[in-house]
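Student: For reference, the sequence and a predicted model appear below.
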Amino acid sequence: MILIVLPDIAEEDVLLARARQGDADASRQIFDSYFSPVYQFIRLRVEDVQTAEDLASEVFLKLLNAFRGGTAPRHSLRGWLFRVARNEIYDHFGRQKRLNMTVLDDWIAAPDEDEPEVQFMNTLDVARARRAIKLLTDDQQEVLLLRFGQMLNLQETADIMGKNVNTIKALQFRAVNMLRKVLGDMRTEVSNG
Amino acid sequence: MVERDLIDALNDCIDRLATGQSVEDCLRVYPRFQAQLRPMLQAGLVTRRAEASAVEVSGVQGRVRARFEEQLARPQVRPRPPLVFPVLRQLAAFAAAFALLFGVLSVGAESALPGDPLYGLKRFTEDVRIGLGGDAAAFSARRIEEIQLLLAAGRAAEVEFRGIVGQITGNAWLVNTLIVRVEAGTEGAAAVQMGDDIIVTGETTTAGELVAIRVRFADGIQRQPLTPTPTLTSTPSATPTVAPSPTAMATLTAAVCVPAVPPGWVIYSVQPGDTLSSLAASAGVALSEVLLANCIVDAGAIIVGQRIALPALPAAPLQGNSGGNPVGDPGGGNSGSSGGSGSGSGDDGDDGDDDDDDDGDDD
């Protein structure tokens, strides 16, 4: 699990200011703090390591250009980076919507014997976990990556995804339930052979 | 409605997980939803299992860092001289220096309030107002306001405005209330001194900066340099003891004085007959605080209908009209992140999002 130290806002603003002035060390520091979360975010949406690397690289080169062109953010860099990363991903896929599963309208009540289910989730390997996540809609994947993976708060997530907080709340609810369903199907497959 | 409560509980638990709490910690807060929440949260956490390994990340990071370094080493396409970012201390110093500098320079003190922290500031602004004439002052104030809006909105536009150069720090000039970036190519910049009354032609950038293209003297005449320049280190006895909050500090690093409204203040629409000092007095705060929060330099240049932030609405109608004219609560935004309700009872998410807009995913 990737632990993200929540940015110290004032300190980050100072770093941003320095980077905008052309301070290379400040730019490096920003790169080092944010590379991992940005890469993880991209990597979970993009199957291929090389592609993920190129997209992540593009995000940080854009940041450098933004510092130089005077268009870099003054605050909430994290939101800016994830937004740019998201755009890169969309551009990469040519904005084609992939597998768009229907929304899980009726939420299924938890079965009493949820223990095996939870156990299955806890022992899932990376490849299977990825495969399961990829079966969700783009929005569902994103909301899970931002909220659970990157631990962004509701408002930040809403800003990055261009939706309001209530929409995000409902979306994350559907997303976990859909993932749960997908994992349930997977578990059945596994136990059936 | 159970589903709504569950949605809120899930949200709260996700926030709690982000702060390092465990799934079980949160389930204890929502005993009645335990059975439903547990698998949901575990499913969500699968996301973390899917993350790339540290080995993969560090390998990729090394390669991308090399590209990043390469780009860093590349000469800048458009060199930008360093901008001066007035941080908190500079800001406070500026407020004091501004008051001192122009308080000293101006003559006469008919309506000034000796001992008032903003004595000097007021004198300065009055001079500007007199110099410009009443309507011109209002016009000028509106022009500045428009530019502030452009900057706040990050809109690029060509602008022109007039003002006194209050401070020159490197290539950042304070003109009127605006911080202007002066570049090597800015026409006419070399002759300008602090205290000059100039007309700036420039452009606002999408990054919220104001860049000067050309400056010229308002009277068309080259001025004598001011001598001696008061040093900014000497402190007048009436130094404003304004201590901007951290929020104010963050906001004021921007290229323009962005109103930094303390939490809990309300927006009031200026009524005929109002003065800022009477409004401040009625609200029980120093005039300086009101000026700082609203980025107002000229205490006398407010106009009817102008929206200003105050700690409270005026206690009594100042002009016999309806009195307070609240426009809205600037501090009312919901940060969206709940997670504070750790009552331990079965109480579910109480973050106050009670509207019905949860139809969600506008995919």
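Tutor: Arrived safely, thanks for sending. Small disclaimer: the values here were computed from a predicted structure and weren't measured.

Student: Low-confidence bits of chain A, can you list those?
Tutor: A:1-9, A:94-115, A:192-193 (pLDDT under 70).

Student: spatially speaking, which residue is in the middle of it?
Tutor: residue A:145 (3.4 Å; CA atoms, centre = their mean).

Student: And that residue, how close does it get to residue A:47?
Tutor: 15 Å (CB to CB, to the nearest Å). Yep, even glycine has a C-beta here, placed from its N, CA and C like the rest.

Student: same question, residue A:35
Tutor: 20 Å.

Student: Quick check on those two: which one has the bigger neighbour count.
Tutor: Comparing residue A:35 with residue A:47 by other CB atoms under 10 Å in any protein chain shown, the one with more neighbours is residue A:35, at 23 against 11.

Student: Kindly state the pLDDT recorded for residue B:156?
Tutor: With respect to pLDDT, residue B:156 has a value of 79.

Student: My guess is it contacts residue B:205. True?
Tutor: Yes. Look at residue B:156 against residue B:205 with CB atoms under 8 Å: they come within range, at 5.6 Å.

Student: if you count what's nearby, which of the two comes out ahead?
Tutor: Higher neighbour count among residue B:156 and residue B:205: residue B:205, with 20 against 12, using other CB under 10 Å.

Student: Quick check: phi and psi on the more buried one?
Tutor: phi -110, psi 170 (degrees, to the nearest 10).

Student: Give me the distance between it and chain A.
Tutor: The spacing between residue B:205 and chain A, counted by CB to the nearest CB, to the nearest Å, is 6 Å.

Student: Report the contact partners of that residue.
Tutor: A:70, A:71, B:154, B:156, B:211 (CB atoms under 8 Å, 6 or more residues apart in numbering or on different chains).

Student: who wins for most neighbours among those residues?
Tutor: residue B:211 (22 neighbours).

Student: ok, and the closest non-adjacent residue to residue 51?
Tutor: By default, I'm working from chain A. Leaving aside its sequence neighbours, residue A:51 sits nearest to residue A:92 (CB to CB, 6 or more residues apart in numbering or on different chains; 6.8 Å).

Student: actually chain B
Tutor: In space, residue B:51 is closest to residue A:40, 5.1 Å off (CB to CB, 6+ apart).

Student: Show the pLDDT at residue B:122.
Tutor: Residue B:122 is given a pLDDT of 42.

Student: Give me the subset of the contacts of residue B:205 lying in strands.
Tutor: residue B:211 (DSSP state E).

Student: ok, of the contacts of residue B:205, which one's closest to residue B:310?
Tutor: residue B:154 (27.6 Å; CB to CB).

Student: Select the helix or strand of chain B having the lowest average pLDDT value.
Tutor: Lowest on mean pLDDT, DSSP states H and E among the helices and strands of chain B sits helix B:246-252, with a mean of 35.

Student: Show me what secondary structure element comes after that one.
Tutor: strand B:266-269 (DSSP states H and E).

Student: hmm, back to that, secondary structure element for the residue nearest to residue B:51, which one?
Tutor: helix A:24-43.

Student: So which elements touch that helix?
Tutor: Counting contacts by 3 or more CB pairs under 8 Å, 6 or more residues apart in numbering or on different chains; DSSP states H and E, helix A:24-43 is packed against helix A:9-20, helix A:49-69, helix A:77-92, helix B:54-73.

Student: counting contacts, what elements does the first one pack onto?
Tutor: Think helix A:9-20. In terms of contacts (3+ CB pairs under 8 Å, 6+ apart), helix A:9-20 is packed against helix A:24-43, helix B:246-252.

Student: do that again at 6 Å, thanks
Tutor: Identification of packing neighbours for helix A:9-20 by 3 or more CB pairs under 6 Å, 6 or more residues apart in numbering or on different chains; DSSP states H and E yields helix A:24-43.

Student: Check what contacts the helix it packs on and list those residues.
Tutor: For helix A:24-43, the external contacting residues (CB atoms under 6 Å, 6 or more residues apart in numbering or on different chains) are A:4, A:15, A:18-19, A:52, A:55-56, A:59-60, A:81, A:85, A:145, A:150, B:51-52, B:57, B:61, B:68, B:72.

Student: Buried among the residues you listed? Need that as a selection in PyMOL.
Tutor: The following PyMOL line selects those of the contacts of helix A:24-43 that are buried, judged by 16 or more other CB atoms under 10 Å in any protein chain shown:
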select buried, (chain A and resi 4+15+18+19+52+55+56+59+60+81+85+145+150) or (chain B and resi 51+52+57+61+68+72)
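
Student: From residue B:31, how far out is residue A:121?
Tutor: Applying CB to CB, the value for residue A:121 to residue B:31 is 22 Å.

Student: And the two? Which one has more around it.
Tutor: residue A:121 (24 against 12).

Student: Contacts only, for the more buried one.
Tutor: If a contact means CB under 6 Å, 6+ apart, then residue A:121 has A:183, B:42, B:46 as its contacts.

Student: Residues of the stretch 1-150 of chain B that sit close to chain A?
Tutor: B:7, B:10-11, B:14, B:18, B:35-36, B:39-40, B:42-44, B:46-52, B:57, B:60-61, B:64, B:67-68, B:71-72, B:76, B:82, B:85 (CB under 6 Å from any CB of the partner chain).

Student: Report how many residues lie close to the residue nearest to residue A:120 when sequence neighbours are not counted.
Tutor: In space, and not counting its chain neighbours, residue A:120 is closest to residue A:187: 4.6 Å by CB to CB, 6+ apart. Residues near residue A:187, counting by other CB under 10 Å, number 17.

Student: What distance do you get for residue A:187 to chain B?
Tutor: From residue A:187 across to chain B, the span is 11 Å (CB to the nearest CB).

Student: and that residue, what are its phi and psi?
Tutor: phi -70, psi -40.

Student: from memory it sits against residue A:118, does it?
Tutor: No. With contact defined as CB atoms under 6 Å, residue A:187 and residue A:118 do not form a contacting pair (10.7 Å).

Student: for residue B:52, what are its contacts?
Tutor: residue A:43.

Student: Which residues of the stretch 151-300 of chain B lie near chain A?
Tutor: B:205, B:206, B:207, B:209, B:250.

Student: least confident pick among the residues you listed?
Tutor: Out of these, that is residue B:250, at 33.

Student: one step back: could you list the buried residues of the helix holding residue A:40?
Tutor: Applying 16+ other CB under 10 Å to helix A:24-43 flags A:26-27, A:30-31, A:33-43 as buried.

Student: repeat for stretch A:152-163
Tutor: Buried-residue list, stretch A:152-163, by 16+ other CB under 10 Å: A:152, A:153, A:154, A:155, A:156, A:157, A:158, A:159, A:160, A:161, A:163.

Student: Stretch A:71-78 too?
Tutor: A:71, A:72, A:73, A:74, A:76, A:77, A:78.

Student: Over to the fourth one. Which of the three states is it?
Tutor: If I follow you right, that is residue A:74. coil (DSSP: H, G, I helix; E, B strand; the rest coil).

Student: Distance of it relative to residue B:15?
Tutor: As for residue A:74, its distance to residue B:15 is 26 Å (criterion: CB to CB).

Student: And the helix holding residue A:40, how far out from the chain middle?
Tutor: Distance of helix A:24-43 from its chain centroid, counting by CA atoms, centre = their mean, to the nearest Å, is 14 Å.

Student: number of nearby residues for the closest residue to chain A within the stretch 151-300 of chain B?
Tutor: Relative to chain A, the nearest point of the stretch 151-300 of chain B is residue B:207 (4.4 Å; CB to the nearest CB). Neighbour count for residue B:207, taken as other CB under 10 Å: 20.

Student: Please verify my assumption that it contacts residue A:70.
Tutor: Yes. If you go by CB under 6 Å, residue B:207 and residue A:70 touch, sitting 4.4 Å apart.

Student: Please, which helix or strand holds the residue lying closest to residue B:187 once chain neighbours are set aside?
Tutor: Nearest residue to residue B:187, sequence neighbours excluded (CB to CB, 6+ apart): residue B:214, at 4.1 Å. Residue B:214 is part of strand B:210-217, with elements assigned from DSSP H and E.
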